[in-house]
Structure formats: C-alpha cells, structure tokens
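[1] Provide a 3D model corresponding to the input given below.
(chains A and B)
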Amino acid sequence: MNPPVTATIQPHESRDALRFPVIMFFSSAIFWLVVGSFLGCLAAWKLVVPSLLDGSSWLTYGRVQAAAENALSYGWASQAGMGLGFWLLARLGRTALGSERLLITAGAFWNFGVLLGICSILAGGGNAVRGLEFSGAAAAILLIAYACIGVWSFILLRDRSSDGLYVSQWYLLAAFLCFPWLYATANTMLIWHPVQGSAQGPIATWFFGALAWLWLVPLVLAAIYYLIPHFAHRPVRAYPSSVLAFWLLAFLGGWTGTKQLIGGPVPAWMVSASVAASIMMLIPAAIICINTFGTLSDHSRPSSPAISFTIVGLACFVCVVLQGAATPILSAVTHFSDYSSGENVMLIFGFLSMSLFGALYYVVPRLTGVDFSPGLASWHFWIFVWGAGTMFLCLTLGGLIQGFALYDPGVDFMSSLSLAAPFRVMNAVGALALFVATVAFAGLFVRNLLGVTSPAAAPRVPSTTPEVAGV
Amino acid sequence: MSRLPTLVFGIFLVFTAAWFGIVGYSYLKLGRMEPAVDENTGDVNPPPLSGLAVAGQRVYAANGCVSCHTQQVRSGAFSTDVEKKLGPRPTVARDYMRENPAFLGSLRVGPDLTNVGLRSSDVNWFHKHLYEPSVATPGSNMPSYRYLYQNRKIVGQPSANAIVGLNGPYAPKPGYEVVPSEDATILVAYLLSLRRDYALPEAEPLQ
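    Numbers count the residues shown, from 1 in each chain, chains lettered A, B, ... in the order given. Below is the predicted model of the structure:
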C-alpha cells in the first residue's frame, strides 16, 4: 500500500490511545537501559582492572558482562521496541483498543521476568548461551508475558480501521510473530530440554542472529519507516521497493547467525549459507537507504534530537550490514578478537539504541504533551555518540591488532593481551560516557513525565503539527 | 499482499526456511551422535566424562567463563589454531556430544580451553591460577575466583587439598590455609577433562 500523502493529526487520538501502557513500557525500558549500560561499563572497567570488585561472586566479570547484554536486549531494546510497536499499530491502524489493563499486567510480568533473569545470572544461574543466559524460569515468565503482548498486538492490527497495511505494520507483524517462535525454540532446545552438545552450537548462533535480525531490527525499522516521512514531510521515496526489502530481510535474517562459527565444529555449508545471507543483506540495506536517506535528502539539516538520532542510527545500520558482509574477508583476523565486540557495540548502541532514542524523542512528547528540553537533549546526543563511537573505534582498532597477534603463530597469547590493553582502557572510558549519557536521558525522560519544560521549549506538540504519510 | 492472512503466511514461510535449515538439520543430523569405537584399542571416543567433570560444567557456566574463553580449534585455510598448538587437530561436532551446554564461545579475551587438560594435569596449578591469576600467571588479566575458596584457620591436621605455593596478597597467613570449595573442585575436574587428543574418523588426523 502506498501511504496516503497527508493527513492531519487528531489530537485526542494521539494523546489518548494507549498512552499509559506505552509510557509504562518506555519507562521500564529506560530503567533497564541505565542498568544495562551501568553493568556494561562495570564490565569494561573490570576487563582493564581485573582486581576491581573481584571478591564477590555476584560481580565477577563473566556474570556482569552477560547480565549487561541481556538487560540491554530484553529490558531495553525489546521493551522500547514493543512500546513503539503498540503506538505505531494504534496510530497506523487508527484503532483504540480497550483492555489496557491486560497490556499493563503483561508489561509488569515481562519486567519481573527480566529482573528475575538478571538476578539469576548474577547469582550464578546463567546458562552460558549467548542471549539465553536467563534462567529457565525467567525465560518462561518472559514467554507467558509475551503471549499476552503478542496476541494483544495482533488483535490491534487485525481490528484496524484503516485500509491496507503500511510497511511499518509489516515489520511489526514479522517481529511479533517471529519472537515467540525463536525464543521458545531456543529455550526448549538449549535450556529446558537441551539437545546433544554437538547440535547446540548452530542452534545457539542461529538464535543470536535471529534475535537481532527478526526481532529487534524489524521493531526498530518499523519505527524508522514511520518517522522518516514525518521528518521529511513527504512520503517515502520508492515506497514499493520497501516491500522487497522487507521480504529479503525477513528471509535472510534467520540465516545470518551461524557465521559466528566460521571454521568451527559445524557443517561447512551452514557457515557458507550464513556468509552468503550476510552479503545478500546488502540488497535490502541498499533499498532501506534509498527509502530513508532518499526521502530525507532534499530535506533540511537535522533540526531536532529525534532527527539527529535517527540519521546516526541509520548510518550505523549501514555499518552493521557492511560489517556483516565483510566477514569472509576479515574473519581470519577478526574472529574471536575485540573486533567482534565492536560489531556488537555498533548493533546495540549504534543502530538499535540511537534509532530507539530518535523514536522516543519523537513519540514521548506526543504522549505527554511536553517537549524535551533541547539543551539537555543535545548533551545526551553528543555524549552518547562520543561514547559509542569511542567504544566502537577502540574495539575495532584494538581488535584488529589483537586479532593479528592471535592469528600469527609466532606471537604468544600474552602479547595479544598487552597489545589490546590500551584500547580496552579507552573502551572503558567510552563505556563510562555512554552510561553518563543514558543517565542524562533517563533524567530528561523523568522531567518530561513530570511536565518540567525548559523556557526554550514551549509545548508545541502535538496539537497542530501537520502529519504526513502512513497515518 | 496487503491482506493480513497472506502476510502472516508469507512470514511463516520465510521463517520456516531457516528454522528447518539450521535448527531442524542440527537437531536431526548433529543431535543424535554416537561415540566412535576405536577398532584397535576398543576405546570409546570422545571418552565419557567423570561425574565431577559433568558437575563442573555448571560452575563453568555459572561464572561466565565462556565470555572470555572459546572451546574450539578451528579448521580451514584461514585458521592457524593447530599451528598455534591449541590442539592436535581441529574440533568436530562429535567432540561436543557429551558437553552440556557446549561452550563454544565467541571471544578470546583469554586463551582457548579446548585442550587445557592436555597442557597441564597439575590440580594445584589450576587452583593457584583460579585463586590468584595475576600472580600464578604474570600478565594474566583474569579476575580472581577466590570466592570459590575458603581461607580458613588450620585446626588439627592441615587439609590435604589446601593450595600449595600461594604468594600473592591473598595468600594465607601463617596458621591458615586456602581450601577449594566443592565448586572449585568440580570446576578443576571439568577443566582437566578438556582434552581432545583422540582420533575421530571424520576429523583431521592428530598432529
């Protein structure tokens, strides 16, 4: 469906639809963002100073690192993405569904699951499977909470009063359908009733790739496809091609994970298929670039934190896809080195978090009726970009050097440690900046909820803003 | 394609492709392996793990060892793992049939542990390294796992299990001893079990 070109916003619709549950999902997401980036920062420092807080089993590096990753995936990115998803489904479908209470209860359950999962990791109940470290009980709670959320979202989509489906709705539907399937599969086969160890590697890497590409990435792309035409005040350029990008991404997404086992104990075709899928991912990425940057290009410079974050987020998306496609060229050196942590930073903080920030800067004022203070928001933007950029550059450069040391048979292992050490120090500084930026954002968010507004930003949304596309 | 059922069906199809391809294949082809029996010696490979080693996997998982240590000797033209003496041959799927979970890992912040049991069989060294890594192995950036140990006053006979040769800042004072907890004991039993020095028909020959 080509989106309608213009439509004027109806204030009551935007303000009231799902206001409370969406704000609740955003608040808890931001809470987990702060927790996750704190734990991540702590882990980065522990890597530099191993004796830091090493007397406590709860704070040992391996547990803190796993807790950080899981808090960011399930606490922050998933919840912020789901909150945006509800808002988008209600907006795009022009529906206001009742039974908000069910959604709020499900959200509370989800948070309980995340809390239990993080505590189980720190207490020593982790599973050592990437993205699945939550204890079996916590994973079950997440799935039960998700069942309500998923069914609820599906009904919201089905009962829409608008005709046709905009591409954001496609992405949301794909994400909401894939998540329970892949999370249940992975937990069943690896945690609740583990299959033989020889089969666990491919399943675990499949899950880790699919969690990103079939759950978090589609959620975020749905928001981006909604925001871009609103920023540019015109419809998406080459809109029909976005459908092709969607199908390619949905098809390739499940195949991207197993390349993490390059050279490993898996059939070679699995790695080849995954490498091929990562290279082919360039096609949907190119289309997404045309749809987004092409729509924005004639438009003015970034004028709000929402636009700045979204543009940087999209640039990071390009980087993520390019890194994936470059795997076969670089993997001899980069595999197992800090370089791959840099790829993770690019995905989680670069693409996912920045795009989510962009969307939150756009959506939250439309829920509360209060704009963000632009001064603090620009601090948030610059500190976050600096922190994530520093982490990415240090891990990538340090990782390449460390990778050469790990690759060269003439260099002993200890040299790889001392070569990587200075870069890891700078990475820890970046992680600290990132944590500060997330605290600043949390502060901004709380101020917004309390209705505190700076004199520079009179509440100008949402009453009269003309809205474009998809609505 | 803008009708909801069509879209749901399409998403179902594309998801199933990778799901069958990777998860289904792994489950059916890799998940039902039998150990190989050496015709000459009658040895079963990979050898069964001791009960202690099986229990030790839990401690390895709980403390996030997998965050920094891989357990795979890679094959292929671009891998130097065998040249770097990480093991006598690249690992294959069957090597992991007794592992749960399979700790393949994704980062080498610390050294690969696929064959750590071949590099040393000195139980005391493992405990020493876990208790004070930077003293036992100068240059190591592994955190101390001394919370898995008990620093206690010697009452009567000193324990036979007490770690010998500690000399870092957390070394026991005179009259005290550092004894491994049950978790530390089974963790070391697991580490010692990590040795892939047997041949498998589908694997490259031992070097």
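[2] OK, contacts around residue 112?
    Using chain A. A:141, A:145 (C-beta atoms under 8 Å, 6 or more residues apart in numbering or on different chains). No exception for glycine: its C-beta is placed from N, CA and C like everyone else's.
[3] I was thinking of chain B, sorry if that wasn't clear
    Contacts of B:D112 (C-beta under 8 Å, 6+ apart): B:69-73, B:81, B:86-87.
[4] And for A:A139?
    Contact partners of A:A139, counting by C-beta under 8 Å, 6+ apart, are A:113, A:117, A:132, A:183, A:187, A:191-192.
[5] Scan those and report the most crowded one.
    A:G117 (27 neighbours; other C-beta atoms under 10 Å in any protein chain shown).
[6] Next SSE downstream of the strand or helix carrying that one?
    Counting by DSSP states H and E, the element that carries A:G117 is helix A:100-120. Going down the chain from helix A:100-120, the next helix or strand is helix A:136-158, by DSSP H and E.
[7] So for that following helix, mean pLDDT?
    In this model, helix A:136-158 has an average pLDDT of 95.
[8] Not counting its neighbours along the chain, what's nearest the residue of chain B at minimum distance from chain A?
    Residue nearest to chain A within chain B (C-beta to the nearest C-beta): B:G64, separated by 1.8 Å. Counting by C-beta to C-beta, 6 or more residues apart in numbering or on different chains, B:G64 lies nearest to A:G62, which is 1.8 Å off, once chain neighbours are set aside.
[9] Check B:P90 too.
    Per C-beta to C-beta, 6+ apart, closest to B:P90 is B:S75, 3.5 Å.
[10] Put the alpha carbons of the helix ranked longest in chain B into PDB.
    In chain B, taking DSSP state H as the definition, the longest helix is helix B:4-18. Presented in PDB, the C-alpha positions along helix B:4-18 are these (Å, rounded to 0.1, in the frame of the first residue of the first chain):
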ATOM      1  CA  LEU B   4      -3.300  -9.900   6.800                       C
ATOM      2  CA  PRO B   5      -3.600 -13.700   6.400                       C
ATOM      3  CA  THR B   6      -1.400 -13.600   3.200                       C
ATOM      4  CA  LEU B   7       1.200 -11.600   5.100                       C
ATOM      5  CA  VAL B   8       1.100 -14.000   8.100                       C
ATOM      6  CA  PHE B   9       1.500 -17.000   5.800                       C
ATOM      7  CA  GLY B  10       4.400 -15.300   3.900                       C
ATOM      8  CA  ILE B  11       6.300 -14.600   7.200                       C
ATOM      9  CA  PHE B  12       5.600 -18.100   8.300                       C
ATOM     10  CA  LEU B  13       7.200 -19.500   5.100                       C
ATOM     11  CA  VAL B  14      10.400 -17.300   5.300                       C
ATOM     12  CA  PHE B  15      10.900 -18.000   8.900                       C
ATOM     13  CA  THR B  16      10.400 -21.700   8.500                       C
ATOM     14  CA  ALA B  17      13.200 -21.800   5.800                       C
ATOM     15  CA  ALA B  18      16.000 -21.000   8.200                       C
END
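[11] list the buried ones in that helix?
    Within helix B:4-18, the residues that qualify as buried are B:7, B:10-11, B:14-15, B:18, counting by 16 or more other C-beta atoms under 10 Å in any protein chain shown.
[12] now swap in stretch A:263-281 and tell me
    A:263-267, A:270-271, A:273-275, A:277-281.
[13] Averaged pLDDT, that stretch. What do you get?
    pLDDT averaged over stretch A:263-281 gives 95.
[14] and what of stretch A:316-332?
    94.
[15] Give me the distance from that stretch to the chain's centre.
    Remark: stretch A:316-332 is offset 18 Å from the chain centroid, using C-alpha atoms, centre = their mean, to the nearest Å.
[16] how long is that stretch end to end?
    24 Å (C-alpha to C-alpha, to the nearest Å).
[17] Spit out the contact partners of the residue nearest to B:Y149 when sequence neighbours are not counted.
    Excluding the flanking residues, the one nearest B:Y149 by C-beta to C-beta, 6+ apart is B:V178, at 5.1 Å. Counting by C-beta under 8 Å, 6+ apart, B:V178 touches B:131, B:146, B:149-152, B:162-163, B:166, B:171-172.
[18] Give me the subset of those lying in strands.
    B:149-152 (DSSP state E).
[19] Tell me which residue of the stretch 51-200 of chain A lies closest to chain B.
    A:G62 (1.8 Å).
[20] How many residues are close by that residue?
    25.
[21] so it touches B:Y60, yeah?
    No. A:G62 lies out of contact with B:Y60 (C-beta atoms under 8 Å); the separation is 9.5 Å.
[22] okay, and the common contacts of those two?
    Counting by C-beta under 8 Å, 6+ apart, the residues touching both A:G62 and B:Y60 are B:V66.
[23] any idea which helix or strand carries A:Y339?
    helix A:338-345.
[24] Alright, I will stop here.
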